[in-house]
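**Student:** Okay, here's the prediction I keep looking at, along with the sequence it came from:
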Amino acid sequence: MHVDLNYFFAQCEEIKNPSLIGKPVIVCVYSGRTEDSGAVASANYLARESGVKAGMPIVFAKRIMKDKEVYFLPPDRELYSQTSNRVMEILGKHADILEVRSIDEAYLDVTKRTDGDFDNAVKLATDIKKELRLKEKLICSIGIGPNKLVAKISSGFKKPDGLTAVKPKEVKKFLNPLKVTDIPGVGKKSEEKMKELGVNTIEDLSKVGLQKLKGMFGNKTGEYFFDAANGIDEEPVEIRSDNVQMSKIETLKEDSRDFNLISEVTDKLCVEVAQRAKEEKTLFKNIGIIAFMKNLESRSKSRTIESYTNDAKIVKKVSRELLREFLHNVDIDVRRIGVRIGSFERKKEGSLSKFMKK
Ligand code: TTP
Ligand code: MG
């Protein structure tokens, strides 16, 4: 099963402020150079109807939405990441194995708990959708398939609020009419090359020989495209520790840009996150700081160190370095500060137990 939360950042904003519902909402990442420089991160479906898309420069989106009542919002990353953590915990309860792919996407291996039966899986997906709606007010699209590739493509088939199940026997019939760009990894360039061959649909692609694809895209990618066009994918659903993070955040006594004042807080948070990692019997490699600024924007900085650790001293040292670099370049005061650790050691599954139910 593949679960994808719909228009995730924009949806979180609608939940936070329900008066936005029914209006175009566009969450933008401002690069800060000029007032409007930056790109659209997420647009709700009303904004998309007018042609606004993720990745589009903010100025374009503003031009398209000129004269309309529309909300352009800065990202509230803390809200999105906390929402995501709660969602992943809910999904973890319904999976034999949960693979968190990104802030709003996960694969669930549900083979055992459904006895490999697609009708059971559809019922489970319906329950998951209901639970997310009830507990988090969130809508998502779910795809069910015999493998990750088909599940992923089918979750994109109906958006928003979709549920699409493709049984093994229906895979070819389902994939054939879709566009080659519906295959994850087929981007603009590959699409162009395929067009030159007269290949537009997945069915067209499935008729191109393996050798030809290898010649055009290289052995690895060629083979992947060949298998994908035929609905073949053997990748197991696996826990990915690199997507899991732990963080501790605190509001400063006063808004500040002062290293001594802020590092006093981060030092304490470092001890706390290191302690939590110890309790979870895990080691980590990535250390970061997150800052929520006076204007509610959030910024983060992280570093991957050479070997795994759970030593508070190392976390302190790295986060102090990051903080110093960060404050050096910053032009507004910090309101809240956090320390985050990630890239956990794979072998020790203790830390991930909450995402995994046997
Ligand atoms: P997506 O799942 O690609 O997009 P979405 O959730 O907004 O919309 P839907 O799934 O309904 O098509 O991305 C998830 C989040 O990742 C998105 O809400 C914001 C963020 N994101 C960016 O910050 N920049 C981008 O260019 C994209 C595509 C996503
Ligand atoms: Mg999404």
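**Tutor:** Cool, got the structure. Residues are numbered from 1 along each chain as shown. Ligands and ions are numbered 1, 2, ... in the order given.

**Student:** Show me the strands in the stretch 151-300 of the chain, by range?
**Tutor:** 163-165, 245-256, 284-293, 298-309 (DSSP state E, counting those that start in this stretch).

**Student:** Show me what the last one is packed up against.
**Tutor:** Helices and strands in packing contact with strand 298-309 are listed as helix 77-93, strand 284-293, helix 312-328, strand 334-344; criterion 3 or more Cβ pairs under 8 Å, 6 or more residues apart in numbering; DSSP states H and E. Every C-beta, even on glycine, is put in place using the N, C-alpha and C of the backbone.

**Student:** So what are the sheet partners of the shortest one and their directions?
**Tutor:** In its sheet, strand 284-293 lies beside strand 298-309 (antiparallel), strand 334-344 (antiparallel), with partners assigned from DSSP bridges.

**Student:** among the ones you listed, which is the most enclosed?
**Tutor:** When you average the neighbours per residue for each of those (mean count of other Cβ atoms under 10 Å), strand 334-344 leads with a mean of 23.

**Student:** what residues does the protein put near ligand 1?
**Tutor:** Neighbours of ligand 1 within the chain, by Cβ under 6 Å from any ligand atom: 4-9, 41-42, 54-55, 103-104, 159-160.

**Student:** Buried ones among these?
**Tutor:** Neighbour counting over those (16 or more other Cβ atoms under 10 Å) leaves 4-9, 41-42, 103-104, 159 as the buried ones.

**Student:** Mark which of the residues you listed are part of helices, please.
**Tutor:** Residues of those located in helices (DSSP state H): 8-9.

**Student:** follow-up on the earlier one: between the helices and strands packed on strand 298-309, which one is nearest to Tyr71?
**Tutor:** helix 77-93 (15.2 Å; Cβ to Cβ).

**Student:** hang on, the earlier thing: switch the strands of the stretch 151-300 of the chain over to TSV; also include distance to Arg335 and mean pLDDT.
**Tutor:** Output for these, formatted as TSV (distance: least, Cβ to Cβ, whole Å; pLDDT from 0 to 100):
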stretch	distance to Arg335	mean pLDDT
strand 163-165	40	98
strand 245-256	5	89
strand 284-293	5	92
strand 298-309	10	91
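
**Student:** now these as JSON lines including distance to ligand 2?
**Tutor:** Compiled in JSON lines, the strands of the stretch 151-300 of the chain are given as follows (distance: least, Cβ to the ion, whole Å):
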{"stretch": "strand 163-165", "distance to ligand 2": "15"}
{"stretch": "strand 245-256", "distance to ligand 2": "19"}
{"stretch": "strand 284-293", "distance to ligand 2": "22"}
{"stretch": "strand 298-309", "distance to ligand 2": "20"}
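
**Student:** so can I have CSV of those strands showing distance to Ile332?
**Tutor:** Below are those laid out as CSV (distance: least, Cβ to Cβ, whole Å):
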stretch, distance to Ile332
strand 163-165, 44
strand 245-256, 9
strand 284-293, 5
strand 298-309, 10
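
**Student:** Tell me which of the ones you listed lies nearest to Glu35.
**Tutor:** That would be, of the strands of the stretch 151-300 of the chain and by Cβ to Cβ, strand 284-293, which comes in at 16.1 Å.

**Student:** And the contacts of the closest one?
**Tutor:** For strand 284-293, contacts defined as Cβ atoms under 8 Å, 6 or more residues apart in numbering pick out 77-78, 247, 249, 266, 277, 298-305, 307-310, 314-315, 318-319, 322-323, 326, 330, 332-345.

**Student:** and the direction of it versus that of helix 312-328, what angle?
**Tutor:** Here strand 284-293 points in a direction 40 degrees away from that of helix 312-328 (axes from the mean of the first three to the mean of the last three Cα atoms, to 10 degrees).

**Student:** what's the offset of stretch 111-130 from the middle of its chain?
**Tutor:** A distance of 23 Å separates the centroid of the chain from that of stretch 111-130, by Cα atoms, centre = their mean, to the nearest Å.

**Student:** pLDDT on that stretch, on average?
**Tutor:** Per-residue pLDDT over stretch 111-130 has a mean of 98.

**Student:** Would you indicate which residues of it are buried?
**Tutor:** 111, 114, 118, 121-122, 124-125, 128-129.

**Student:** Mind checking which of those residues are in helices?
**Tutor:** Per DSSP H, the buried residues of stretch 111-130 map to helices at 118, 121-122, 124-125, 128-129.

**Student:** near ligand 2, from these?
**Tutor:** When Cβ under 5 Å from the ion is applied, no member of those is adjacent to ligand 2.

**Student:** That'll do, ta.
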